[in-house]
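>>> With the input below, show me the fold.
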Amino acid sequence: QVQLVESGGGLVQAGGSLRLSCAASGSIFSINAMGWYRQAPGKQRELVAGISSGGSTNYADSVKGRFTISRDNAKNTAYLEMNSLKAEDTAVYYCSARIRPRFVSRSEYDYWGQGTQVTVSS
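Numbering: from 1, shown residues only. The predicted structure follows:
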């Protein structure tokens, strides 16, 4: 069984910083892309940042220059460094990863974490 667990959310003032972590565990053969999404109240879930297995990254326009996604393949962990936070960054942040589990077919599956709340006070 594969699990993604996020951590690092919380309450921060506008202009502050937070670092989110997403640790994948369980019967994992390989991890392809990983990404961070967010969902604010009354809005659809949106992609914030993604990172390929080779380290290529992409960002939503709204976070470019402020957020940085990275990963540690040895630890099966992705990170999201968030700086210059704004009130509009307030949301539940979810981690997602495309994973090939062990002892299953060669297929990859998308897994999601439970989400972590980020609240930015203005």
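>>> Okay, and the residue nearest the centre of the chain sits in which element?
The centroid of the chain falls nearest to W36 when counting by CA atoms, centre = their mean (2.8 Å). Assigned by DSSP states H and E, W36 belongs to strand 28-39.
>>> Please apply the same query to G65.
Applying DSSP H and E, one finds G65 in no helix or strand.
>>> got any ranges where the protein has weak pLDDT?
Flagging of the chain using pLDDT under 70 yields an empty set of residue ranges.
>>> ok, which stretches of it are strands?
2-7, 10-13, 18-26, 28-39, 46-51, 57-59, 67-72, 77-82, 91-101, 109-112, 116-121 (DSSP state E).
>>> how near is S107 to I99?
According to CB to CB, to the nearest Å, S107 and I99 sit 10 Å apart. The way it works is simple: take the backbone N, C-alpha and C, and place the C-beta from them, glycine included.
>>> Quick check on the two: which one has the bigger neighbour count.
Just comparing S107 and I99: by other CB atoms under 10 Å the higher neighbour count belongs to I99, 24 against 7.
>>> Now do the same contact list for the more buried one.
Residues near I99 by CB atoms under 8 Å, 6 or more residues apart in numbering: V2, A24, I28, F29, S30, I31, N32, E108, Y109, D110, Y111.
>>> Show me just the buried residues among those residues.
Buried residues within those, counting neighbours by 16 or more other CB atoms under 10 Å: V2, A24, I28, I31, E108, Y111.
>>> measure the closest residue to the second one other than its chain neighbours to R98 for me?
By that I understand A24. Spatial nearest neighbour of A24, excluding adjacent residues (CB to CB, 6 or more residues apart in numbering): N76 at 4.2 Å. Distance, N76 to R98, by CB to CB: 13 Å.
>>> joint contacts of the two?
Common contact partners of N76 and R98 (CB under 8 Å, 6+ apart): I31.
>>> So those two - more neighbours on which side?
The neighbour comparison of N76 against R98 (other CB under 10 Å) goes to N76, with 20 against 16.
>>> what's the distance between the more buried one and I69?
Taking CB to CB as the measure, N76 falls 15 Å from I69.
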